[in-house]
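**Student:** got a sequence here, can you model it:
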Amino acid sequence: MYHKVNPARVDITTPTKTAIPPLAGKVDIDATIFRLAREISQLAPGPAASLRRNPMAGSGTAAFWQLLASYQIPTQGRYLRGWATVIQAIAIATPKGRDRNKPSAHNAANPMGSALHAAGISHLRLARLLSAREDMRRELVIRTCRRLASKDTRGFDLRTLARFVLYEDNDLHAQKIARDFYTATVRKQTHVD
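**Tutor:** Model (predicted):
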C-alpha cells in the first residue's frame, strides 16, 4: 500500500539555507505531496482520524511513522515537526469516510491562496498566518486547514502548503499564497462591478 520514493530523487548530501537542519535531506516535494495526499485518501477511517487529531501524540501514530518511513522523509528536529504538520493538514483536508475512491485533498489547479479566499478567510487571518513563525505557523496552518475542510473547497495545491510549512525562512511561499489570495479577491470584485 505504501509507495517508495525513488532514491535517485532524494538528495541527502546538499545542505539547505532553510528551516531544515543541515543533513536533514532533500525530498522531492511535488512527487511526495501528490503521493502522500493520494495515499492518505485511501487510508481506513481509524488511521486517517489519528492523523487528523495529532500524528505525533505520544510516541506518534503508526500511520504517521509508516508514511515517513515509506517516503524516506528525514526525521530530525524541526523537519519532523514540519512534516507532521503537513501530514496532519493533508489528513484534515481529505474528505472523511470509508469510500476508498474518495478524492485526494491535492488539487494542483486550485492555488492555496484562492482556496483561502473561497473559504472566506479574512485579510487579517491571512496576514497572521503568513507572518507567523515556527510553532505558531504550524498551529495556524492546522486551524486554517480545518476551516478549509469545513467549507468543502474540493482540494487545493498542497505543494504550496508544504513549502510554506517546511521552508518558513523563505518568504517566496508566503508571497505566493498572498498573491493568489488577492488575485482571487480582485477577480471577485471585478465580476461584481
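**Student:** how close does residue 165 get to residue 56?
**Tutor:** Distance of residue 165 to residue 56, given as CB to CB, to the nearest Å: 14 Å. Using the backbone N, CA and C atoms, a C-beta is placed for each residue, glycine as well.
**Student:** mind checking which of these two has more residues around it?
**Tutor:** A count of neighbours by other CB atoms under 10 Å puts residue 165 above the other of residue 165 and residue 56, at 21 against 16.
**Student:** can you name every helix or strand that the longest helix anywhere in the chain contacts?
**Tutor:** Longest helix of the chain, by residue count under DSSP state H: helix 171-192. On a contact count with 3 or more CB pairs under 8 Å, 6 or more residues apart in numbering; DSSP states H and E, helix 171-192 meets helix 112-118, helix 123-131, helix 158-166.
**Student:** helices of this protein, start to end?
**Tutor:** According to DSSP H, the helices that the chain contains are 29-41, 45-53, 62-70, 77-93, 112-118, 123-131, 134-150, 158-166, 171-192.
**Student:** nearest to residue 105, out of the ones you listed?
**Tutor:** With CB to CB as the criterion, residue 105 lies closest to helix 77-93 of these, at 3.7 Å.
**Student:** what helices or strands is that closest one leaning on?
**Tutor:** Using 3+ CB pairs under 8 Å, 6+ apart, the elements in contact with helix 77-93 are helix 29-41, helix 45-53, helix 62-70, helix 134-150, helix 158-166.
**Student:** phi and psi next, for residue 99.
**Tutor:** The phi/psi pair for residue 99 (degrees, to the nearest 10) reads phi -60, psi 110.
**Student:** my error: substitute residue 61 in the last question.
**Tutor:** Phi and psi for residue 61, reported as degrees, to the nearest 10, are phi -80, psi 150.
**Student:** now the helices of the chain in TSV, with mean pLDDT?
**Tutor:** Shown next, in TSV, are the helices of the chain (pLDDT from 0 to 100):
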stretch	mean pLDDT
helix 29-41	94
helix 45-53	93
helix 62-70	94
helix 77-93	93
helix 112-118	96
helix 123-131	97
helix 134-150	95
helix 158-166	96
helix 171-192	90
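**Student:** and these: which comes nearest residue 102?
**Tutor:** Closest to residue 102 of the helices of the chain, according to CB to CB: helix 29-41, at 5.4 Å.
**Student:** identify each buried residue in that closest one, please.
**Tutor:** Of the residues in helix 29-41, 29, 32-41 count as buried by neighbour count, 16 or more other CB atoms under 10 Å.
**Student:** tell me the one among those residues nearest to residue 110.
**Tutor:** For these, the nearest to residue 110 is residue 37 (12.7 Å; CB to CB).
**Student:** now do the same contact list for the closest one.
**Tutor:** Listed by CB atoms under 8 Å, 6 or more residues apart in numbering, the contact set of residue 37 reads 90, 94, 104-106, 158.
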